[in-house]
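Asker: structure for the following, please:
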Amino acid sequence: MLAHGYRILRIALLWGVIAWLGWRIVNGRDALATLELDLQPLPVLAAFLSAVLAYQLLFLGWISLLRRTGLHRDVPAGTYARIWWFSYLYRYVPGKFLLLVERARRGAAAGIPYAVGA
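Answerer: Next comes the predicted model:
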């Protein structure tokens, strides 16, 4: 019962945050329209580093999912990194077709079934 309540709370919080962000965007659209591009080196570098960190956290989340589902194998970490990053770079192909194909193909080499890898 506690897990069900926790799930409901998480969903309610998620929708609350989405609604709050939407409200802030709608109410601040005039201020957003007046923003100008300001390419100062330090903020640009900080944004780039935070994006790299965010992508690494996505990779760690994927590894965590593999461990939780029992699909993680004892292979070198570089194997999983190649699976993730090659497939992630392929996401820019229209339809994301190669993202699915490459993650499934490379994942199979690490013992991840095709359907799960895709």
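Asker: secondary structure element for residue 46?
Answerer: helix 41-68 (DSSP states H and E).
Asker: pLDDT of that helix, averaged?
Answerer: For helix 41-68, mean pLDDT rounds to 90.
Asker: now that helix: buried residues?
Answerer: 62, 66 (16 or more other Cβ atoms under 10 Å). In short, each C-beta sits where N, CA and C put it, glycine included.
Asker: which other helices and strands contact whichever helix or strand comes after that helix?
Answerer: Downstream of helix 41-68, the next assigned helix or strand under DSSP H and E is helix 77-89. Here helix 77-89 touches helix 41-68, helix 97-109, going by 3 or more Cβ pairs under 8 Å, 6 or more residues apart in numbering; DSSP states H and E.
Asker: give the contact list for residue 107.
Answerer: Residues in contact with residue 107 (Cβ atoms under 8 Å, 6 or more residues apart in numbering) are 83, 113-114, 116-117.
Asker: now that we have those residues, which of them are buried?
Answerer: Using 16+ other Cβ under 10 Å, the buried ones in the contacts of residue 107 are 83, 117.
Asker: picking up where we left off before, quick one: work out the angle between the helix holding residue 46 and helix 97-109.
Answerer: 50 degrees (axes from the mean of the first three to the mean of the last three Cα atoms, to 10 degrees).
Asker: got the contact list for stretch 66-73?
Answerer: Here stretch 66-73 has contacts from 63, 80, 110-113, 116, using Cβ under 8 Å, 6+ apart.
Asker: that older thread, tell me which of the helices and strands packed on helix 77-89 lies nearest to residue 9.
Answerer: With Cβ to Cβ, the closest approach to residue 9 among the helices and strands packed on helix 77-89 belongs to helix 41-68: 21.0 Å.
Asker: how far does that closest one sit from the chain's center?
Answerer: How far helix 41-68 lies from its chain's middle: 8 Å, per Cα atoms, centre = their mean, to the nearest Å.
Asker: do the same with stretch 80-91
Answerer: Stretch 80-91 sits 12 Å away from the centroid of its parent chain (Cα atoms, centre = their mean).
Asker: right, I'll call it a day here.
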